[in-house]
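predicted model and sequence below, questions to follow.
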Amino acid sequence: MNRVTPGGNLDRTIVLVGLMGAGKSCIGKRLAQHFGLPFVDADREIEAAAGCSISDIFEVHGEQAFRDGERRVIARLLNNPVHVMATGGGAFMDAQTRQLIKDKSTSIWLRAELEQLLKRVGRRNDRPLLKNVDQRAKLTELIDVRYPVYAEADVTVDSADGPPAMTMERVLDALEPYLNHPQSGAAE
Ligand code: S3P
């Protein structure tokens, strides 16, 4: 059952994809609040399922084990009723996960410039892919490899270098064609 939200309702889960530091969790939480839907952060769910942090999963079991867990957890979450989900930056790169996201949700790529990502990832030091490396070089490499794939998301929104409210506005505009409007739908 959909809640009536000014401007329209969502009848599919929203999945946010994009690089580390793009603002997926921040915008995801706001979107969930806007639509009165639950918010889930896939990374936190993976940690809950594994009983340890992502850093520990990478360190103890390796990246492949993390990717396998990520695939399983996202597949499970996508069976939940309509909600908003933030995914880790690598999730949409997995062909199986990407297909599931396409089948079961409306996906939004939060696209951000390198400088903005660098500024944002600097606030945390718990991302295994960015530990003990040249972060600029690593993010540049990830942009090259991942941006063409992220572009397969249903919607692309530039993550503004400003207050999250600005990005939210862009996201809501971009989502407009994906909303259902109960008042106009009544005439069908
Ligand atoms: C990863 C991004 C991280 C997390 C893991 C791997 C990636 O999530 O899933 O460290 O491959 O880009 P965020 O994008 O939420 O930081």
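Nice, thanks for sending it over. As the structure is a prediction and not an experimental result, all values here were calculated from the model.

contacts for the longest strand seen in the chain, please.
As assigned by DSSP state E, the longest strand anywhere in the chain is strand 105-111. The contact list for strand 105-111 (Cβ atoms under 8 Å, 6 or more residues apart in numbering) reads 10, 12-18, 22-24, 27, 78, 85, 92, 101, 147, 150-151, 153-159, 167, 171, 174-175, 178. In this view, the C-beta of every residue, glycine as well, is placed from N, C-alpha and C.

can you pull the contacts of the residue lying closest to Leu78 once chain neighbours are set aside?
Of all residues not flanking Leu78 in the chain, Lys104 sits nearest, at 4.5 Å (Cβ to Cβ, 6 or more residues apart in numbering). Residues near Lys104 by Cβ under 8 Å, 6+ apart: Arg12, Thr13, Leu78, Asn79.

among the residues you listed, which are in strands?
Thr13.

return the entry from the contacts of Lys104 with the maximum number of neighbours.
Counting neighbours by other Cβ atoms under 10 Å, Thr13 leads the contacts of Lys104 with 22 neighbours.

identify the bridge partners of that residue.
Ser105 (DSSP bridges).

local confidence estimate at it?
Confidence at Thr13, expressed as pLDDT, is 98.

ranges for the strands of the chain?
13-17, 39-41, 84-86, 105-111, 155-158.

now these in CSV, with distance to Ala65?
As requested, the strands of the chain are exported to CSV (distance: least, Cβ to Cβ, whole Å):
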stretch, distance to Ala65
strand 13-17, 21
strand 39-41, 19
strand 84-86, 21
strand 105-111, 25
strand 155-158, 31
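
nearest to Phe66, of those strands?
strand 39-41 (15.0 Å; Cβ to Cβ).

who's in contact with the residue nearest the centre of the chain?
For the chain, the residue sitting closest to the mean C-alpha position, by Cα atoms, centre = their mean, is Leu16 at 2.5 Å. Leu16 is in contact with Lys24, Ile27, Gly28, Leu31, Val84, Met85, Ala86, Thr87, Ser107, Ile108, Leu110, counting by Cβ under 8 Å, 6+ apart.
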